[in-house]
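**Q** Kindly return the folded structure for what I paste below:
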Amino acid sequence: MNGTVKRVVVVDDHRMVRVGVRAELAGAADVEVVGEAADAASAVDVVHRLHPDVVLLDVHLPLTAGESTAPGAGSGGAEVLTRCADLLAADPPVRFLALSVSDAADDVIAVIRRGARGYVTKSIAGDELAAAVRRVADGDAVFSPRLAGFVLDAFGAMSGEVAAADDELDRLSAREREVMRLIARGYAYKEVAKELFISVKTVETHVSAVLRKLQLSNRHELTRWAAARRLL
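**A** Now for the predicted structure:
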């Protein structure tokens, strides 16, 4: 992270929402809004250019300026996540927190499957939003209370894969499992090294072994693999 200050980009097609979020976060000394975007295309550019700690991302976002954002039409939030997959796997990673008026299960699952670390509704209080930003920046998952159940239900539907996961987990050493869980939660290599009191080089070695044994290509796939098996 960038010292103790969490750098945030706000992505929402409504200017008043962006202004309101800035105002709500202004009282938090350790949270700084460093950029904004109003559509998916500009959001991808801004996030890649600024590499913030956290992106507050609207779900029903237009792909380009002026496009409709009616439910079912605004898929821009998921598109931003798809086009920022490289940043989800970066070191340090950019972490995404969905901030939406919608509390529909389909919306929640769509962005979580693509790598968002959490989902909160726009009814959230300012101090709670600042706290959510801190937690997501530190690698935790954050959900408004009733939304967490959607995520558990969605990944629970994949329970048929859990038995297979046991066999796959058996391939990993105890240390590799520790590293796997931290990396899947979004920790940077340096953060994993500090947490486990090992060198960054050792973390890299363990990550390579984990990906090879689980036949995965990158840490984004690892996060999805671990989330589907409730290992986070």
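**Q** any idea where the strands of the protein begin and end?
**A** For the chain, the strands defined by DSSP state E occupy 6-11, 31-37, 54-57, 95-100, 118-121, 142-143.
**Q** so where's this structure shaky on pLDDT?
**A** Residue ranges of the chain with pLDDT under 70: 1-3, 66-75, 145-146, 148-167, 230-232.
**Q** Show me what the longest helix that it contains packs onto, helices and strands only.
**A** Assignment by DSSP state H gives helix 200-214 as the longest helix of the chain. Counting contacts by 3 or more CB pairs under 8 Å, 6 or more residues apart in numbering; DSSP states H and E, helix 200-214 is packed against helix 174-184, helix 189-196, helix 219-228. In this view, the C-beta of every residue, glycine as well, is placed from N, C-alpha and C.
**Q** export those helices to TSV and tack on distance to Asp30 and mean neighbour count?
**A** Output for these, formatted as TSV (distance: least, CB to CB, whole Å; neighbours: other CB atoms under 10 Å):
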stretch	distance to Asp30	mean neighbour count
helix 174-184	23	19
helix 189-196	17	18
helix 219-228	26	19
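**Q** Nearest to Val34, out of those?
**A** Evaluated over these, closeness to Val34 peaks at helix 189-196, with 21.0 Å, by CB to CB.
**Q** what is the orientation angle of the closest one with helix 200-214?
**A** 100 degrees (axes from the mean of the first three to the mean of the last three CA atoms, to 10 degrees).
**Q** from now on call the first residue 240
**A** Done: numbering now begins at 240, and the last item shifts to helix 428-435.
**Q** Just the residues contacting helix 428-435, thanks.
**A** Identification of contacts with helix 428-435 by CB atoms under 8 Å, 6 or more residues apart in numbering yields 330-331, 378, 414, 417-418, 421-422, 426, 437-439, 441-443, 446.
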